[in-house]
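> Next one to model:
(one chain, ligands or ions: 1)
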Amino acid sequence: MTRLARLRVHSKALQHNIMVAKKHAPDANVMVAVKANAYGHGGLQTAKICQNYCDGFMVASLYEGIVLRQQGIILPILSIQGFSSADDIKEAIQYNIRCVIHSLSQLVLLESHPESASNLKITLKIDTGMHRLGLAPESVASSYQRIKSLVSVNSSVWLMSHLACADELENDYTRQQQDCFNQLTESIDASKSLANSAAILGWENMQYDWVRPGIMIYGSSPFATHSAIELGLQAAMTFEAPLITIQQLNKGDAIGYGQTWQCPEDRLVGIVACGYGDGYPRHAPSGTVVSVNQQRTQIIGRVSMDVIVIDLHNIQAEIGDWVECWGENIAVDDVALSAGTISYELLCSAGRAVAVYE
Ligand SMILES: *Cc1c(COP(=O)(O)O)cnc(C)c1O
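Okay, the predicted model is just below:
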C-alpha cells in the first residue's frame, strides 16, 4: 500500500521536556497542556506517555477531559473553558474534572444549581490583562466569596491568570500582569497558577503552585529569540512523508502551480507525498528547509494539496526514503518562521496524519 505522511511521536522527548519544566519550576506541580489533541500529538496517547512524569493535565473543553477520564487517566484535569450548562456541571463532577470559571455568567449558572455546585472543583480565572477570558479585577474578591459560599470545604477553589506577552522577554507587561495577580490574590490562601512555557523558561518567580507548560513539552521554543536546542528541549514530533518520485528537470523548467520556481540549471527534484491536505503549511515559500537522509535541502515551488517538491541537487535520496518536514533534524520553529506562522499551528495541523508512538 502507498505510504502516507505520518507523525512519529517520541515518548522520551516528551518525558525529557517535562523534566526541563520541573527543573525550572522545582517547587511547582506541572500541569501539561494537552488541549487541541495535545498540540497534534494525540491527546490520550500523550497523556499516557506523560502521566508518570507530570502532576496533571490541562484541556480546553470539558469534553476533552471526559475522554481522558473515560480512557483511564487519573491525574487531576483542568478544563479551561469549564461548564456552560447544568449538565456540564454534573458531568464535571461525575468525571472529576476541575473547571475554570472565566465569566460572571458561569458563576450565575453555578448559583442557580447550588446542590451540584457544592462538589465541583473550581479554578477562578482572573483577567490580569489578556482581555479574553477571566473575571475583571474589580469583581474578583466578591466572585471568590460567592464561589466559596457554594463550594464545600472539601473542594478547594484555585486561582489562575494567563499572560499575554511572556514570550517577549523585554516586555514589562508581564510583570504588570503579575503585580495585578499578586495584589488580587495575596490575601487568599489558595493554589495559584500563572506560568505558561514562556514564563517557566524566561521569567523568575512566576511558578506559584502549578505551572502549565504546553509548547515546551512538545519541544518547540516559545521565544523568537532562543531556539529549542538552546533551551535544552527535544522535538517530540517528527512529521515526515515518503519521496514518491524523482524527476530530472531541465534548466528553465518551472515547478508546480503558478510556476513560482524555475530550475537555474538542469536539476534533480523529488516529489514528496505531503501537502497542505496533510498539514504542511501552504504558505511555506521556496527555500523552506526539509531533511532527507540527514541532509538538509529545501522545498521548491508552491506547496500543493498532497505534494511538495524538494531540491535534490547534491542530495543522496531514493524513491521511498522518508523526507522530514520537521522533527529531530528540522526545527518546527524554523518552518513556522518561513511560513509566517507559529509552531503551535503547524503541530496542530500535522495532527491529522497517522501517528506512530515510539
Ligand atoms: C495553552 C495554554 C497554556 C500553555 O501555553 P504554552 O504557550 O503552550 O506553554 C497555558 N495556559 C493556558 C490558559 C493556555 O490556554
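> rest of the way, CA atoms for contacts and neighbours
OK.
> How is the chain partitioned into domains?
Recorded structural domains for the chain (assignment: automatic domain parsing) are 11-218, 237-357.
> and the last one, how far apart are its ends?
Yep, that's domain 237-357 we're talking about. With CA to CA, to the nearest Å as the measure, the ends of domain 237-357 fall 10 Å from one another.
> where's it relative to the chain centroid, distance-wise?
23 Å (CA atoms, centre = their mean, to the nearest Å).
> what's the average pLDDT for it?
For domain 237-357, mean pLDDT is 97.
> related to what we said a few turns ago, export the domains of the chain to TSV and tack on distance to the ligand and mean neighbour count?
TSV is the format used below for the domains of the chain (distance: least, CA to the nearest ligand atom, whole Å; neighbours: other CA atoms under 10 Å):
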stretch	distance to the ligand	mean neighbour count
domain 11-218	3	19
domain 237-357	7	19
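> Give me the residues contacting stretch 50-60.
The contact list for stretch 50-60, computed with CA atoms under 8 Å, 6 or more residues apart in numbering, reads 14-15, 18-19, 29-36, 47, 65, 73, 75-82, 212.
> Cross-reference the residues you listed with the helices and report the matches.
14-15, 18-19, 35-36, 47, 65 (DSSP state H).
> who touches residue 236 in this structure?
9-14, 217-219, 327.
> Which ones among the residues you listed lie within helices?
Using DSSP H, 11-14 are the members of these that sit in helices.
> Dump these to TSV, plus pLDDT.
Shown next, in TSV, are these (pLDDT from 0 to 100):
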residue	pLDDT
11	98
12	98
13	98
14	98
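> confidence score at the closest residue to residue 213 other than its chain neighbours?
Distances taken as CA to CA, 6 or more residues apart in numbering place residue 197 nearest to residue 213, at 4.5 Å, with adjacent residues excluded. Looking at residue 197, its pLDDT is 98.
> Am I right that residue 197 is in contact with residue 210?
No. Contact between residue 197 and residue 210 fails when scored by CA atoms under 8 Å: they sit 12.0 Å apart.
> ranges for the helices of this structure?
Ranges of helices in the chain, per DSSP H, are 11-24, 35-39, 43-50, 62-70, 86-94, 104-111, 114-117, 140-150, 173-185, 197-202, 332-339, 343-350.
> if we can go back for a sec, now the two most distant members of the ones in helices among the contacts of stretch 50-60.
19 and 65 (23.4 Å; CA to CA).
> where's residue 317 relative to residue 190, distance?
Separation of residue 317 from residue 190 (CA to CA): 58 Å.
> er, residue 39 I mean
Distance from residue 39 to residue 190, by CA to CA: 29 Å.
> With residue 102 instead?
17 Å.
> is it true that residue 281 touches residue 344?
No. Assessed by CA under 8 Å, residue 281 is found out of contact with residue 344, at 12.0 Å.
> ok, back up a step: can you say which of the helices of the chain is nearest to residue 274?
Among these, the nearest to residue 274 by CA to CA is helix 343-350 (10.3 Å).
> Need the residues that contact that closest one.
Helix 343-350 is contacted by residues 7, 36-41, 215, 220, 237, 239, 278-281, 332-333, 335-336 when judged by CA under 8 Å, 6+ apart.
> ok, now with 10 Å
Here helix 343-350 makes contact (CA atoms under 10 Å, 6 or more residues apart in numbering) with 5-7, 35-42, 214-215, 218-222, 237-240, 276-281, 326, 331-337, 339, 351.
> Now render the domains of the chain as TSV, adding distance to residue 226.
What follows is the domains of the chain, written out as TSV (distance: least, CA to CA, whole Å):
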stretch	distance to residue 226
domain 11-218	10
domain 237-357	10
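> so which of those domains comes closest to residue 229?
With CA to CA as the criterion, residue 229 lies closest to domain 237-357 of the domains of the chain, at 8.9 Å.
> hmm, back to that, nearest to residue 289, of the helices of the chain?
helix 332-339 (6.8 Å).
> could you give the angle of the closest one to helix 343-350?
90 degrees (axes from the mean of the first three to the mean of the last three CA atoms, to 10 degrees).
> Helix 332-339 packs against which elements?
strand 237-249, strand 289-292, strand 322-326, helix 343-350 (3 or more CA pairs under 10 Å, 6 or more residues apart in numbering; DSSP states H and E).
> Can I get these in a markdown table including distance to residue 150?
Shown next, in a markdown table, are the helices and strands packed on helix 332-339 (distance: least, CA to CA, whole Å):
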| stretch | distance to residue 150 |
| --- | --- |
| strand 237-249 | 43 |
| strand 289-292 | 55 |
| strand 322-326 | 49 |
| helix 343-350 | 38 |
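> Would you mind saying which of these lies nearest residue 135?
helix 343-350 (26.4 Å).
> for residue 30, what are its contacts?
18-19, 21-22, 53-58, 207, 209-213.
> I misspoke; the intended subject was residue 342.
Counted by CA under 10 Å, 6+ apart, residue 342 has contacts 220-222, 224, 332-336.
> Run a quick check on residue 123 versus residue 101, I expect a contact.
Yes. Using CA atoms under 10 Å, residue 123 is in contact with residue 101, at 6.2 Å.
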